[in-house]
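K.L.:
no sequence for this one, just the structure:
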């Protein structure tokens, strides 16, 4: 399946802009840069890790993508000053190798603290990557979902059979709760449909619960807020002519869990689904109890559905690290479509691809 570059860019830039909206509670300053949050920093390393996993497969014939992404999160931790000597020792084995490597670690802004990621830091400092079978934390937190939103692009290109388990295992690196992993997998599926369908959000809200729409199945896989039934939640999400009610948003997304991030984002886009209402949607999403995760996820869905041209240019031009995020989006798409770095049996079209994205 093909994905338009504008939509791939919209996915990652929309997510980053939503992250900024959440940090600012939807109140944009009149001037100056708009700071990204830790979700965007981690999503950048997820994208870089996914690229490097593909490069490794092309050159070595073997790759475990979640482990390569884990390596990427370790590079983020060192940039952040999180036990740098101890984590570096894990990857250099005292040999003095040049590490961390790749181009992304040269971006100073990724070393600036932009919020906390306690479950991720706990796992990284423990130096043991979790799995669904052997979790290292019991976290249900939203970062399991928000940092993995770029993987929706790989779902769109490769299909569910290839990606669902990889997305789950990537979430489980640091978040052991099954429902957080379910939310991450569901978000990747929703992102993939937003990337590939002509009007996915309207088509979903216009469907009836008995139609078997894939988004309905995603909703049913999540814990329901306040012990509500899935039918009650779906009725709220699909209410015809429903208005963007802050009270309803707080009800459906009451906390900082991954499931709240996805349910809240689906509520936001169901109320403000259009190209011309992206700014209003991000501002509305930012008012959720955990506005950063809801706005980050809603921005990804709207950017994927409508493309980068639908994002407010005045805000995007002030977004911190926008060029970095945009470059990663382009390169992630390019790697999985064209493999510029070549492989064992094909010369590299771009000889600098391996130094940018070393395959390990």
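P.N.:
Okay, I see it. Note that this is a predicted model, so its numbers are computed, not measured.

K.L.:
From residue 326, how far off is residue 101?
P.N.:
22 Å (CB to CB, to the nearest Å). Backbone N, C-alpha and C define where each C-beta goes, glycine included.

K.L.:
what's the distance between residue 271 and residue 177?
P.N.:
Distance from residue 271 to residue 177, by CB to CB: 28 Å.

K.L.:
let me fix that: residue 228
P.N.:
19 Å.

K.L.:
the more surrounded of these two?
P.N.:
residue 177 (22 against 15; other CB atoms under 10 Å).

K.L.:
Just list the residues touching the more buried one, thanks.
P.N.:
135, 138-140, 144 (CB atoms under 8 Å, 6 or more residues apart in numbering).

K.L.:
For the residues you listed, pick the one with the most neighbours.
P.N.:
That'd be residue 144 among those, by other CB under 10 Å, with 34 neighbours.

K.L.:
Please look at it and residue 186 and confirm they touch.
P.N.:
No. Shown here, residue 144 and residue 186 do not form a contact pair, counting by CB atoms under 8 Å, at 11.3 Å.

K.L.:
pretty sure residue 248 contacts residue 268?
P.N.:
No. Using CB under 8 Å, residue 248 is not in contact with residue 268; the gap is 10.5 Å.

K.L.:
The two: which is more packed in?
P.N.:
residue 268 (31 against 16).

K.L.:
gap between the more buried one and residue 53?
P.N.:
31 Å.

K.L.:
starting at the chain centroid, how far to stretch 337-356?
P.N.:
Relative to its chain's centre, stretch 337-356 lies at 25 Å (CA atoms, centre = their mean, to the nearest Å).

K.L.:
Mind listing what's buried along that stretch?
P.N.:
339-343, 353-354, 356 (16 or more other CB atoms under 10 Å).

K.L.:
do the same with stretch 225-237
P.N.:
225, 233-234, 236-237.

K.L.:
pLDDT for these - can I get that in a markdown table?
P.N.:
Converted to a markdown table, the buried residues of stretch 225-237 look like this (pLDDT from 0 to 100):
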| residue | pLDDT |
| --- | --- |
| 225 | 97 |
| 233 | 97 |
| 234 | 96 |
| 236 | 95 |
| 237 | 95 |
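
K.L.:
now for the residues you listed, which pair is the farthest apart?
P.N.:
The span of those, defined through CB to CB, is set by 225 and 234 at 12.5 Å.

K.L.:
What helix or strand is residue 351 located in?
P.N.:
Assigned by DSSP states H and E, residue 351 falls within no helix or strand.

K.L.:
separation between it and residue 54?
P.N.:
For residue 351, the distance to residue 54 - CB to CB - is 17 Å.

K.L.:
Just give the closest residue to the residue sitting nearest the centre point of the chain, not the sequence neighbours.
P.N.:
The chain has residue 149 as the residue nearest its centroid, 2.2 Å off, counting by CA atoms, centre = their mean. Spatial nearest neighbour of residue 149, excluding adjacent residues (CB to CB, 6 or more residues apart in numbering): residue 300 at 4.6 Å.

K.L.:
Next up, the contacts around the nearest residue to residue 164 once chain neighbours are set aside.
P.N.:
Leaving aside its sequence neighbours, residue 164 sits nearest to residue 185 (CB to CB, 6+ apart; 5.5 Å). Counting by CB under 8 Å, 6+ apart, residue 185 makes contact with 164, 167-168, 171.

K.L.:
go with 10 Å
P.N.:
144-145, 148, 151, 155, 160, 163-168, 170-171, 218, 221 (CB atoms under 10 Å, 6 or more residues apart in numbering).

K.L.:
Just give me the least confident of the residues you listed.
P.N.:
Minimum pLDDT for the contacts of residue 185 is recorded at residue 160 (81).

K.L.:
distance of that residue from residue 194?
P.N.:
Residue 160 is 15 Å from residue 194, by CB to CB.

K.L.:
And the two? Which one has more around it.
P.N.:
residue 194 (27 against 14).

K.L.:
for residue 100, what are its contacts?
P.N.:
By CB under 10 Å, 6+ apart, the neighbours of residue 100 are 71-72, 74-79, 84, 87-88, 91-92, 106.

K.L.:
can you rerun that using 6 Å?
P.N.:
75, 78 (CB atoms under 6 Å, 6 or more residues apart in numbering).

K.L.:
That one belongs to a helix, doesn't it?
P.N.:
No. Read with DSSP: H, G, I helix; E, B strand; the rest coil, residue 100 is coil and lies in no helix.

K.L.:
Need phi/psi at it.
P.N.:
phi -70, psi 150 (degrees, to the nearest 10).

K.L.:
now residue 156, nearest residue through space, not along the chain?
P.N.:
In space, residue 156 is closest to residue 192, 3.9 Å off (CB to CB, 6+ apart).

K.L.:
Correct me if wrong: the one you found contacts residue 152.
P.N.:
Yes. Using CB atoms under 6 Å, residue 192 makes contact with residue 152 at a distance of 5.0 Å.

K.L.:
Distance of the residue nearest to the centre of the chain relative to residue 168?
P.N.:
From residue 149 to residue 168 the distance is 15 Å (CB to CB).

K.L.:
Would you mind checking the contacts of residue 185 for buried ones?
P.N.:
144-145, 148, 151, 155, 163-164, 166-168, 170-171, 218, 221.

K.L.:
Point out where the protein drops to low pLDDT.
P.N.:
Applying pLDDT under 70 to the chain flags the ranges 94-97.

K.L.:
Distance of residue 139 relative to residue 200?
P.N.:
Residue 139 is 30 Å from residue 200, by CB to CB.
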